[in-house]
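**Q** how would this look folded up:
(one chain, ligands or ions: 1)
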Amino acid sequence: MVIFHWFLTFTGTNDESGTWYGFWSGFGGSIPDFLLLGTIAAVYKRNKCQSCRRLVLKGGLGKVQGTHYETCRRHTTTADHDSLKEKHKKLHPEMHEHLNKGVQ
Ligand SMILES: [Zn+2]
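**A** Below you'll find the predicted structure:
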């Protein structure tokens, strides 16, 4: 790193008060917060039960066949999955058809 810094200084590319300093002390400094929130949102979106919206950890989830939905342990009954299939059919008709190709 020292050599790299020396190289930049030597070649004149290293501008200490340049764009990157302004970037990181301004907007750039809050990027990790965005990333953290984004990750939490993504984890929630991927790991929630479609019936009760509770966050479920991987392993407790049951896949609803023919959809991209997943449910918690409590919502793995045929009735739950059938109603989710209906919901999926209405909300995502194209995906539903694609996922159920050759099934029915
Ligand atoms: Zn549930």
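**Q** Helix or strand next in line after whichever strand or helix holds K45, which one?
**A** K45 is located in helix 31-46, with elements delineated by DSSP states H and E. Using DSSP H and E, the helix or strand that follows helix 31-46 in sequence is strand 62-63.
**Q** That next one pairs with which strands?
**A** strand 70-71 (antiparallel) (DSSP bridges).
**Q** So which bits of the chain are right by the ion?
**A** C49, S51, C52, C72, R74, H75 (C-beta under 5 Å from the ion). Quick note: C-beta positions are derived from backbone N, CA and C, even for glycine.
**Q** Only the buried members of those: can you turn that into a PyMOL selection?
**A** In PyMOL, this line selects whichever of the residues of the chain next to the ion come out buried by 16 or more other C-beta atoms under 10 Å:
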select buried, resi 49+51+72+75
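**Q** Contacts only, for K89.
**A** By C-beta atoms under 8 Å, 6 or more residues apart in numbering, the contact list for K89 reads H96.
**Q** ok, so what distance separates it from the ion?
**A** 20 Å (C-beta to the ion, to the nearest Å).
**Q** what do you get for K45?
**A** To the ion, K45 is 15 Å away according to C-beta to the ion.
**Q** Next, the contact list for that residue, please.
**A** Contacts of K45 by C-beta under 8 Å, 6+ apart: none found.
**Q** pLDDT wise, what is it at?
**A** pLDDT for K45: 78.
**Q** Please apply the same query to A79.
**A** The predicted local confidence for A79 is 93.
**Q** Work out for me the element it sits within.
**A** Going by DSSP H and E, A79 is in helix 78-91.
**Q** got the end-to-end distance for stretch 86-101?
**A** Stretch 86-101 has its terminal residues 16 Å apart, counting by C-alpha to C-alpha, to the nearest Å.
**Q** So for that stretch, what gets flagged as buried?
**A** Buried residues in stretch 86-101 (16+ other C-beta under 10 Å): K87, H88, H96.
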